[in-house]
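Asker: only the shape, not the letters, is given here:
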């Protein structure tokens, strides 16, 4: 039977490294919002794609722009225009949001940002972000001299 010295702090270095990586990932993925309001967004994924659904009721398709840059930042920009049909009306309450918005999200490294697709239907923007195929491990035989 082999005796091993008990080291109670042995696993803390790996735990600290994992926690730092986790916090770093959260910081990278933090979104930013600019504008008068921020549309609500759901993000989901399966094996092949990441999906983003944004609620944009009352916004025309022409007033929405979706872009992805080389730093893997997905940006949604748009404007909800106020219809001025209030001739002779005095508003008692206005609760709907109007104005411009910008929402950005950091994408993971496995997204193929050149193949992103988007569709807009019934006030919902759906962005499909294909994932890259995982790199297959390969082995190279090295000649010994």
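Answerer: That came through, no problem. Given the structure is predicted, the values throughout are model-derived calculations rather than measurements.
Asker: would you point out which residue is most central in the chain?
Answerer: Geometric centre of the chain, nearest residue: residue 105, 3.8 Å, by CA atoms, centre = their mean.
Asker: which positions within the helix or strand hosting it qualify as buried?
Answerer: Counting by DSSP states H and E, the secondary-structure element that holds residue 105 is strand 99-106. Within strand 99-106, the residues that qualify as buried by neighbour count (16 or more other CB atoms under 10 Å) are 101, 103-105. For glycine as for every other residue, the C-beta is placed from the backbone atoms N, C-alpha and C.
Asker: from residue 144, how far out is the residue nearest to the centre of the chain?
Answerer: As judged by CB to CB, to the nearest Å, residue 105 and residue 144 stand 49 Å apart.
Asker: kindly report the same for residue 17.
Answerer: For residue 17 relative to residue 144 (CB to CB), the value is 35 Å.
Asker: with neighbour numbers in mind, choose between the two.
Answerer: residue 17 (10 against 4; other CB atoms under 10 Å).
Asker: what pLDDT does the model give that one?
Answerer: Model confidence at residue 17, expressed as pLDDT, equals 70.
Asker: what ranges do the helices span in the protein?
Answerer: When secondary structure is read from DSSP state H, the chain shows helices at 12-29.
Asker: got any ranges where it has weak pLDDT?
Answerer: Regions of the chain meeting the criterion pLDDT under 70 cover residues 1-15, 18-35, 85-86.
Asker: picking up where we left off before, for the buried residues of strand 99-106, which one is nearest residue 73?
Answerer: Proximity of these to residue 73 (CB to CB) peaks at residue 104, which lies at 5.4 Å.
Asker: tell me who's in contact with the closest residue to residue 70 other than its chain neighbours.
Answerer: When the adjacent residues along the chain are set aside, residue 70 lies closest to residue 113, with 7.6 Å between them (CB to CB, 6 or more residues apart in numbering). Contact partners of residue 113, counting by CB atoms under 8 Å, 6 or more residues apart in numbering, are 68-70, 72, 74, 107, 129.
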